[in-house]
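**Student:** Sequence unavailable; structure follows:
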């Protein structure tokens, strides 16, 4: 675990130090912020680095192995209905717990002054991800080409864009982006790898990946439909 922690800490520092340096430079030489604000920023930056490092270590040692184990176990139950229910529930709950989704929902609720409810938006995004995760699992089971599903999904997005209110059109694409956050991606990918390892063989990369790409379509369509039918 020590070697993993060192490796993840190095990756986090490589990713965050340039941003921290630029912001710190702006605070000191451009904004000329007070010393207490500068020290507060440095302290929070240290906490961010430590938090991301611990989170990534947890992903490597906990989320990925468990996700693959669950993904490998689901198909062995021999019931497509069981696969659908488990994939839907796990994907929905993970999406609801995703920090990026919660931030987006809170911002939309604040900017819209309560017109677009935070909880409602989170549930629509979660349902969209869960639905397309089920589609991804069924694609692996039945060997459907991902090209056809992507074409159908984004074709639907293109069609709905002519009917969706402009405000919802912008929010829908942001909703698709926030589902690729640090909580959702590891679990979705590990579930996909586990399912593919059992159903398609570990060497079939076309079935192992593509879960994230398909899952991101769901929130876009979901928010668009919400704008068309509810507002």
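**Tutor:** Yep, that arrived. Values in this document were obtained by computation on a predicted structure and should not be read as measured data.

**Student:** CA only for contacts and neighbour counts going forward, please
**Tutor:** Will do.

**Student:** For residue 183, which non-adjacent residue is spatially closest?
**Tutor:** residue 98 (5.4 Å; C-alpha to C-alpha, 6 or more residues apart in numbering).

**Student:** got the contact list for residue 225?
**Tutor:** With contacts defined as C-alpha atoms under 8 Å, 6 or more residues apart in numbering, residue 225 is in contact with 160, 164.

**Student:** I'd like to know how far it sits from residue 129.
**Tutor:** 14 Å (C-alpha to C-alpha, to the nearest Å).

**Student:** try residue 109
**Tutor:** Distance from residue 109 to residue 129, by C-alpha to C-alpha: 20 Å.

**Student:** What is the neighbour count of residue 145?
**Tutor:** Neighbourhood size, residue 145 [other C-alpha atoms under 10 Å]: 12.

**Student:** Next secondary structure element downstream of the lowest-mean-pLDDT helix or strand in the chain?
**Tutor:** Lowest mean confidence among the helices and strands of the chain (mean pLDDT, DSSP states H and E): helix 205-208, at a mean of 61. Next in sequence after helix 205-208, counting helices and strands by DSSP states H and E, comes helix 211-215.

**Student:** Pull the distance from that next one to the chain's centre.
**Tutor:** 9 Å (C-alpha atoms, centre = their mean, to the nearest Å).

**Student:** If you count contacts, what does that helix end up packed against?
**Tutor:** With contacts defined as 3 or more C-alpha pairs under 8 Å, 6 or more residues apart in numbering; DSSP states H and E, the packing partners of helix 211-215 are helix 118-142, helix 146-160, helix 184-199.

**Student:** change it to 7 Å
**Tutor:** On a contact count with 3 or more C-alpha pairs under 7 Å, 6 or more residues apart in numbering; DSSP states H and E, helix 211-215 meets helix 118-142, helix 184-199.

**Student:** Okay, domains of the protein per the record?
**Tutor:** 1-67, 74-230 (automatic domain parsing).

**Student:** so residue 117 makes contact with residue 109?
**Tutor:** Yes - assessed by C-alpha atoms under 7 Å, residue 117 is found in contact with residue 109 at 5.7 Å.

**Student:** more crowded one of these two?
**Tutor:** Between residue 117 and residue 109, counting by other C-alpha under 10 Å, residue 109 is the more crowded of the two (18 against 15).

**Student:** Report the buried residues of the strand or helix carrying the more buried one.
**Tutor:** For residue 109, the enclosing helix or strand under DSSP H and E is helix 99-111. Across helix 99-111, burial judged by 16 or more other C-alpha atoms under 10 Å covers 99, 100, 101, 102, 104, 105, 106, 108, 109.
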